[in-house]
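Q: from the sequence below, what's the structure:
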Amino acid sequence: MGFSLDAYHLARIQFAFTIGFHILFPACSIGLAAYLAVLEGLWLKTGRQVYFDVYQYWLKIFAVVFGIGVVSGLVMSYEFGTNWSRFAYKTAPILGPLLGYETMTAFFLEAGFLGVMLFGVKRVGKIRHFAATCLVAIGTHISAAWILASNSWMQTPAGYKIVDGRFFPASWLHIIFNPSYPYRFVHMMGAAYLSVALLVGAVGAFHLLRNTALAPARTMLSMSLWMVLCAAPLQVIAGDVQGDNTLHYQPQKVAAMEGDWRPTPKGAGEPLILFALPNQKTETNADTIAIPHIGSLYLTHSWSGTIKPLDAFPPTEIPNVPVVFFAFRFMVGLGMLMLAYALTGAFLRWRRQAFATAWFHKIAIAMGPAGFLAMLAGWTVTEAGRQPYAVYGLLRTADSTSPIGTPGVAASLVAFALVYALVFGAALVFLLRLMARPPQSNETGVPPHPQRSAGLMPGPALPAAE
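A: Okay, here's the model as predicted:
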């Protein structure tokens, strides 16, 4: 697969660049919105002020993240018209309504009740404010459902008919609930929850390094460890199930993930390649370190099962193997680190040392971005592994571009890079400053204790229990 800096490849680089920024913020919004709903629910149920303090602390961060996600999403919408107009024209009858439904059913819901979340707790009452928080959280999940339905349809198209080279709906039920959609949705939601759990734990650990008695920081780390302990193993299972689905519908993607160029000898099974240097030109792997049969266990759930190798496909149907191969291993490696981190946290919690162990807090801080990095790696596997197709098996990416010259795409790519560096760099600095600020008791905007209006008993102002 050749590569040159022509308009086509520059457009792909630009889209990868913009979606790489964009995906992080909606995913963070999904996880944070759910976390905020849990925090406020616990506050109303228990009356413990620490839960609302943590809520107020992360609400400010959520507002910034939500705003950045909206801006970065708008950029991508324009990009479809400027760089990928043929794709937009051919798929608009299907993807247009899906993205329109996302705006009507999800974005308006999120944007409408976000103001109530930020400014309405003293105006609408605690129960209505909690309802607004839940509605925003529901809205983020509905938004993800529509977006992932669109992306999944591009991966495993169904329910369509082609008229004059354009895709039209034949069955909306089959379009939305296409073969890969349920697995992709569950896996992506798990990634969002895990990423935010690790981020919250990192912030809590950062402040515990300075004050181990800080109750909001204890609550952050404690809730984070529970979430990672529950979600990390489930995410491994969800990834395995999605892998089975991908093997069925996109076998060359799985072959690229495994670096499997040629058939394995009968009875030898598929090895687990821990490391290799795939060479697309020679269709070989160099410096391979592998464990026999283990690949068969997670690919086919048998000791000697095999998959279709890359040489069974035409060269024009094979994705960029090194990119897919290494992105997959980076994602899985981070997943294994998350499992180890979760088990270490569980052990320290059992020993009642989770809040006083400085070395573990440093590990928690280092693990803070791990979920988002794994998410980027996973999306690289998903999107790069689908190539050379924009709509798998039906519309090639090379046939989806706009009739625009290389200088135009190059200029917009440079402009995007400069603007993103300035705008998103400033936003990231601002977010880091918000997270570096120690959480306080009675965070800004805290209303009277909920028991005054809801008949709840006040909770003790003590550090959160492990």
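Q: all contacts plus neighbour counts: C-alpha atoms, from now on.
A: Will do.
Q: and the nearest residue to Thr406 once chain neighbours are set aside, how far from Met375?
A: If the residues on either side of it in the chain are set aside, Thr406 comes closest to Ala7, at 4.2 Å by C-alpha to C-alpha, 6 or more residues apart in numbering. Applying C-alpha to C-alpha, to the nearest Å, the value for Ala7 to Met375 is 28 Å.
Q: same check on Ile127?
A: Ile127 is 34 Å from Met375, by C-alpha to C-alpha.
Q: quick check: Leu10 touching Ala410?
A: Yes: here Leu10 lies in contact with Ala410, judged by C-alpha atoms under 8 Å, at a distance of 6.5 Å.
Q: which one of the two has more residues nearby?
A: For Leu10 versus Ala410, neighbours defined as other C-alpha atoms under 10 Å are more numerous around Leu10 (21 against 18).
Q: neighbour-wise, which of Ile127 and Met375 wins?
A: Met375 (22 against 16).
Q: what sits against the more buried one?
A: Counting by C-alpha atoms under 8 Å, 6 or more residues apart in numbering, Met375 touches Ala191, Met331.
Q: and it, how far is that from Thr300?
A: From Met375 over to Thr300 the distance is 24 Å, taken as C-alpha to C-alpha.
Q: who are the neighbours in contact with Ala33?
A: Residues near Ala33 by C-alpha under 8 Å, 6+ apart: Phe62, Thr133, Cys134, Val136, Ala137, Thr140.
Q: recalculate using a threshold of 6 Å.
A: Contact partners of Ala33, counting by C-alpha atoms under 6 Å, 6 or more residues apart in numbering, are Ala137.
Q: what helices or strands is the helix or strand containing Gly335 leaning on?
A: Take DSSP states H and E as the rule and Gly335 turns out to sit in helix 321-350. If you count contacts as 3 or more C-alpha pairs under 6 Å, 6 or more residues apart in numbering; DSSP states H and E, helix 321-350 packs onto helix 215-249, helix 251-258, helix 370-384.
Q: nearest to Gly47 among those helices would be which one?
A: Nearest of the helices and strands packed on helix 321-350 to Gly47, taken as C-alpha to C-alpha: helix 215-249 at 14.4 Å.
Q: low-confidence ranges, this protein, go.
A: Applying pLDDT under 70 to the chain picks out residues 1-4, 442-466.
Q: ok, longest helix in it?
A: Using DSSP state H to define each element, the chain has its longest helix at helix 7-46.
Q: and that one, how far out from the chain middle?
A: Averaging C-alpha positions (C-alpha atoms, centre = their mean, to the nearest Å) puts helix 7-46 7 Å from its chain's average.
Q: what residues of that helix count as buried?
A: Neighbour-count burial for helix 7-46, counted by 16 or more other C-alpha atoms under 10 Å, picks out 7-16, 18-46.
Q: now stretch 325-342
A: For stretch 325-342, the neighbour count (16+ other C-alpha under 10 Å) marks 325-332, 334-335, 338-339, 341-342 as buried.
Q: if we can go back for a sec, tell me which helix or strand comes right after the helix holding Gly335.
A: Note on helix 321-350: by DSSP H and E, the next helix or strand toward the C-terminus is helix 358-366.
Q: just checking, what packs against that following helix?
A: Secondary-structure packing of helix 358-366 (3+ C-alpha pairs under 6 Å, 6+ apart): helix 181-208.
Q: so which elements touch the helix it packs on?
A: helix 7-46, helix 215-249, helix 358-366.
Q: out of those, which comes closest to Ser195?
A: Taking C-alpha to C-alpha, helix 7-46 is the member of the helices and strands packed on helix 181-208 nearest to Ser195, at 7.3 Å.
Q: now that closest one and helix 181-208, what's the angle there?
A: Relative orientation of helix 7-46 versus helix 181-208 (axes from the mean of the first three to the mean of the last three C-alpha atoms, to 10 degrees): 70 degrees.
Q: next SSE downstream of helix 7-46?
A: Scanning forward in sequence from helix 7-46 by DSSP H and E, the next helix or strand is helix 49-83.
Q: give me the angle between that next one and helix 181-208.
A: Using the same axes, to 10 degrees, the inter-axis angle of helix 49-83 relative to helix 181-208 is 130 degrees.
Q: and helix 49-83, what does it pack against?
A: If you count contacts as 3+ C-alpha pairs under 6 Å, 6+ apart, helix 49-83 packs onto helix 7-46.
Q: now do the strands in the stretch 351-466 of the chain.
A: Per DSSP state E, counting those that start in this stretch, the stretch 351-466 of the chain carries strands over the ranges 389-391, 395-396.
Q: could you point out which element follows the host helix or strand of Ala131?
A: Under the criterion of DSSP H and E, Ala131 resides in helix 126-155. Beyond helix 126-155 in the direction of the C-terminus, DSSP H and E gives the next helix or strand as strand 160-163.
Q: what comes up buried for that next one?
A: Tyr160.
Q: what is it packed up against?
A: Partner elements for strand 160-163 (3+ C-alpha pairs under 6 Å, 6+ apart): strand 166-169.
Q: can you list the helices and strands that the strand it packs on packs against?
A: Using 3+ C-alpha pairs under 6 Å, 6+ apart, strand 166-169 sits against helix 85-102, strand 160-163.
Q: chain center to stretch 305-319: distance?
A: Taking mean C-alpha positions (C-alpha atoms, centre = their mean), stretch 305-319 and its chain are 28 Å apart.
Q: can you give me the buried ones in it?
A: Buried, per 16+ other C-alpha under 10 Å, within stretch 305-319: Gly305, Thr306, Ile307, Lys308, Pro309, Leu310, Glu317, Ile318, Pro319.
Q: what about that stretch, start to end distance?
A: End-to-end distance of stretch 305-319: 23 Å, with C-alpha to C-alpha as the criterion.
Q: now do the buried residues in stretch 240-251.
A: Across stretch 240-251, burial judged by 16+ other C-alpha under 10 Å covers Asp240, Val241, Gln242, Gly243, Asp244, Asn245, Thr246, Leu247, Tyr249, Gln250, Pro251.
Q: give me the spatial nearest neighbour of the last one, chain neighbours excluded.
A: Of all residues not flanking Pro251 in the chain, Lys308 sits nearest, at 6.8 Å (C-alpha to C-alpha, 6+ apart).
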